[in-house]
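Asks: Just a sequence and a predicted model for now, questions to come.
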Amino acid sequence: MQRIGFGFDSHRFVQGRPLVLGGVRIDHALGLAGHSDADAVIHAIIDAILGAMGEGDIGQLFSDTDPRWKDADSSQLLKQVMALAAKNAFAVGNCDVTIITQEPKLEPYKEPMRDKLSALLNVDRGCISVKAKTNEGMGWIGKGEGLAALAAVLMVGPDQKT
């Protein structure tokens, strides 16, 4: 059985926090506001995995009102979601991510993100795609107020009718 999940996340830029995307620290003057480390890429991937399995969304598992997740490393949250997937006999087939931001330029970080995500998702790096786009100066992203991430994930699961 194969299922596709789609995830989205966005966060505002703020002073005083590191910028982490796809589990990789990005050299930038601003970080992202959020309860955890605000890694929008991993949050979008988590939502895509959970969606494909019919298991809700990131807020249901890792509520932003729960102090356990304050400043949490999103890579660790993804590891918990991957454990849930394994428990339900699901594995990632491939993952396609698009990051939308005016700044910073992410070209130097795309390959390190692929490496990190392939390890976290237990797939060959050839099964991971990371793309970065601008918003052509339009809207809140184009004005540099924050960024967004989109993720599509193919999950391969047990043979069963749903």
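Replies: Cool, got the structure.
Asks: Return the list of helices and strands in contact with the longest strand along the chain.
Replies: Identified as the longest strand of the chain according to DSSP state E is strand 2-14. Packed against strand 2-14 by the contact rule (3 or more C-beta pairs under 8 Å, 6 or more residues apart in numbering; DSSP states H and E) you find strand 31-32, helix 40-53, strand 146-156. Just so you know, the C-beta spots here come from the backbone N, C-alpha and C atoms, and that holds for glycine as well.
Asks: so what strands line up beside the first one?
Replies: Spelled out, it's strand 31-32. strand 2-14 (antiparallel) (DSSP bridges).
Asks: average pLDDT across the partner strand?
Replies: Per-residue pLDDT values over strand 2-14 give a mean of 98.
Asks: could you check the angle helix 40-53 makes with it?
Replies: If you take axes from the mean of the first three to the mean of the last three C-alpha atoms, to 10 degrees, strand 2-14 sits at 150 degrees to helix 40-53.
Asks: what's next to the helix or strand bottoming out on mean pLDDT in the chain, contact-wise?
Replies: Scoring the helices and strands of the chain by mean pLDDT, DSSP states H and E places helix 58-61 at the bottom, with a mean of 92. Helix 58-61 is contacted from outside by 9, 43, 46, 47, 50, 77, 80, 81, using C-beta atoms under 8 Å, 6 or more residues apart in numbering.
Asks: so which of these comes closest to residue 30?
Replies: Comparing the contacts of helix 58-61 against residue 30 with C-beta to C-beta places residue 9 closest, at 16.6 Å.
Asks: show me what contacts the closest one?
Replies: 40, 41, 43, 44, 47, 58, 148, 149.
Asks: 7 Å instead, please
Replies: Applying C-beta atoms under 7 Å, 6 or more residues apart in numbering to residue 9 gives the contacts 40, 43, 44, 47, 148, 149.
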